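> Show me how the following folds:
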Amino acid sequence: RGSLLFLRPRTQTQRAVARAPAMGAALGIMERDEHERALEAARARLRALAKPVGSLGALEDWAARLAALQRPYWPAADRPAASVRAPALLVFAADHGCVLAHPSLSAFPRAVTLAIFRTIAAGGAASAVLAKANGASLELIDVGVDGDTSTAGRADAAYGDVAGGARARDDKRSPSEERGVGSEAERRPLPTEWVSHAAPHVRVLVRKVAPYGTANSGTAPAMSRAQCAAAMAEGAAAVRRIVARALPADDNDVGLSAAATETGAASAAAAAEGEREAGRDRARAARARRQERGANVVCLGELGIGNTTAAAALLVALARPLPADTTRAPAPRQPLRAVDAVGVGTGLDEAARLAKAAFVERALARHAQLIAAEGALGALRALGGLELAAMAGAVIEAARLRVAVVIDGFIAGAAALAAIRLAPSAAAALFISHRSAERGASALAAQLQAAGCGPAALDLGMRLGEGTGSLVALGVLRSAAAVLEMATLQEATAL
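Down below sits the predicted model:
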């Protein structure tokens with residue numbers, strides 16, 4: 001049950017991802033035939049329910065796709081079912097070098113990234129209040145915020161605060177230097193993970209891949225290969241964390257004990273073969289329980305001033321013809337233009353939007369050779385952001401674990417599209433929460449739907465980000481799962 005097919009890296013791009021720390025496993029993709037059979041079984045049950053066929057519209061599509069994703073956990077082979085269990089929102093935060101070099105790309109300065117990070121950590125931002133309202137936990141992960149996030153959401157003041165928000169790039173002082181050399185705080189290590197004092201459903205993690213965010217994509221690749229791989233690995237690790245964290249304590253203990261037994265027995269020269277095999281069996285059983293009882297839905301969100309610029313550039317690159325090592329929707333008659341993908345973001349006027357589109361076109365031209373050589377991975381690291389790379393890694397890992405991914409609007413959608421280009425079968429795990437109000441949303445939706453993601457659930461004119469749309473759509477996903485609990489028409493007529 002739930003067999004996975006680990007694809008052999010076929011291209012330079014896939015080999016680069018496979019070599020990245022903790023990312024080789026992310027190329028594990030569900031067997032297509034198995035998934036198609038499960039999808040058809042779920043659709044057959046929906047047709048048999050006590051209602052006119054198709055009368056619940058797109059809700060039935062979500063129900064069938066969610067059931068197919070969760071095929072290994074059906075109560076019986078002939079009884080498709082689905083559930084939404086312990087949903088969690090992952091918000092990845094990072095800054096962008098393009099805004100440092102060109103502040104006019106955003107209506108707000110870079111320091112706002114740090115300010116909103118602190119607000120989410122304190123439970124006061126839209127993502128935090130909507131997560132609480134929809135019964136979701138929230139992990140807020142700093143993968144490249146230009147500023148000290150080590151006090152966000154903390155009750156103690158031992159680590160001080162960094163006045164004035166983000167530091168200028170030419171100010172090389174460390175957070176410890178800002179607190180004062182030789183002070184008590186200087187001698188204590190910075191925290192890397194904690195639960196918010198003000199909002200217990202929010203967990204804050206500092207996992208900086210690059211301390212100041214990305215480079216300016218207008219003059220250099222936004223990320224090095226190592227940075228892109230590290231950010232993707234952080235996204236994958238976040239998915240594994242929320243799956244494990246949702247388990248009862250005894251299941252977590254069993255999993256750790258089994259893994260330790262396996263490792264110790266395998267490394268001990270005197271260990272008997274039977275003991276080693278028993279350790280492996282216990283580890284496999286623990287992993288099975290983790291997938292059956294842990295979180296099975298993740299919502300994706302982001303935070304970073306300038307990331308609509310990065311997302312638009314990434315969308316345009318991925319919508320245009322790429323090397324044969326990637327899979328994409330049929331190319332349009334005319335390549336997508338930056339001016340049609342770039343929106344107002346945080347509230348630009350039309351003149352500023354056009355200047356932003358011109359910047360994107362220049363960045364695309366500058367990195368054309370890199371993208372031609374490296375494909376989707378090259379586009380992601382040249383034009384994207386650390387938070388986009390993290391979301392792409394999260395999508396691929398969630399698909400491997402059969403965890404449903406509810407993606408937010410334009411920015412998360414662009415990251416999901418990059419994930420699909422790298423691992424096409426990951427589309428089976430994706431659910432589009434809403435149609436963003438950003439200008440490029442239609443082009444993005446066309447690409448995602450052509451890849452098999454299905455239609456967006458909602459159209460509320462939202463464009464905030466932070467995963468807010470995916471949280472609102474959790475109710476739709478829960479309703480889709482509940483539809484499969486209906487009686488069939490045959491059962492209803494027998495009453």
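
> now the strands: where do they sit in this protein?
Secondary structure of the chain (DSSP state E): strands at 4-6, 28-30, 88-94, 137-144, 193-195, 202-206, 297-303, 404-407, 430-432.

> Tell me how many other residues crowd S104.
Look at S104: counted by other CB atoms under 10 Å, it has 12 neighbours. For every residue, glycine as well, the C-beta is placed using N, CA and C.

> Give me the below-cutoff pLDDT ranges for the stretch 101-250 of the chain.
Across the stretch 101-250 of the chain, the stretches falling below the confidence threshold (pLDDT under 70) are 156-191, 246-250.

> ok, L105 touching G306?
Yes: counting by CB atoms under 8 Å, G306 is a contact partner of L105 at 5.9 Å.

> number of nearby residues for the residue lying closest to A231 once chain neighbours are set aside?
Sequence neighbours aside, A389 is the residue nearest to A231 in space, at 3.7 Å (criterion: CB to CB, 6 or more residues apart in numbering). Neighbourhood size, A389 [other CB under 10 Å]: 33.

> show me what contacts A389?
223, 227-228, 231-232, 235, 380-381, 415 (CB atoms under 8 Å, 6 or more residues apart in numbering).

> Now do the contacts for A77.
A77 touches nothing, counting by CB under 8 Å, 6+ apart.

> State the phi and psi torsions of it.
phi -60, psi -30 (degrees, to the nearest 10).

> Against M486, how distant is it?
To M486, A77 is 19 Å away according to CB to CB, to the nearest Å.

> ditto for I396
33 Å.

> Check A67 too.
From A67 across to M486, the span is 13 Å (CB to CB).

> Counting neighbours around each, name which of the two comes out higher.
Between A67 and M486, A67 has the larger neighbour count (other CB under 10 Å), namely 27 against 17.

> List the contacts of that one.
A67 is in contact with 38-39, 41-42, 45, 74, 80-82, 481, 484, counting by CB under 8 Å, 6+ apart.

> pLDDT wise, what is it at?
A67 is assigned 97 on the pLDDT scale.

> Make sure A419 is actually in contact with I396.
Yes: A419 is within contact range of I396, at 5.2 Å (criterion: CB under 8 Å).

> and for the two, which residues touch both?
Counting by CB under 8 Å, 6+ apart, the shared contacts of A419 and I396 are A426.

> When those two are compared, which one has more neighbours?
A419 (33 against 30).

> Leaving out chain neighbours, which residue sits closest to the spatially most central residue of the chain?
In the chain, the C-alpha nearest the mean C-alpha coordinate belongs to M391, at 3.0 Å (CA atoms, centre = their mean). Excluding the flanking residues, the one nearest M391 by CB to CB, 6+ apart is A415, at 3.7 Å.

> ok, that neighbour - how many residues close by?
31.

> Pull up the gap between it and L444, please.
Per CB to CB, A415 is found 11 Å from L444.

> what's the answer for A494, then?
47 Å.

> higher neighbour count, those two?
For A494 versus L444, neighbours defined as other CB under 10 Å are more numerous around L444 (28 against 8).
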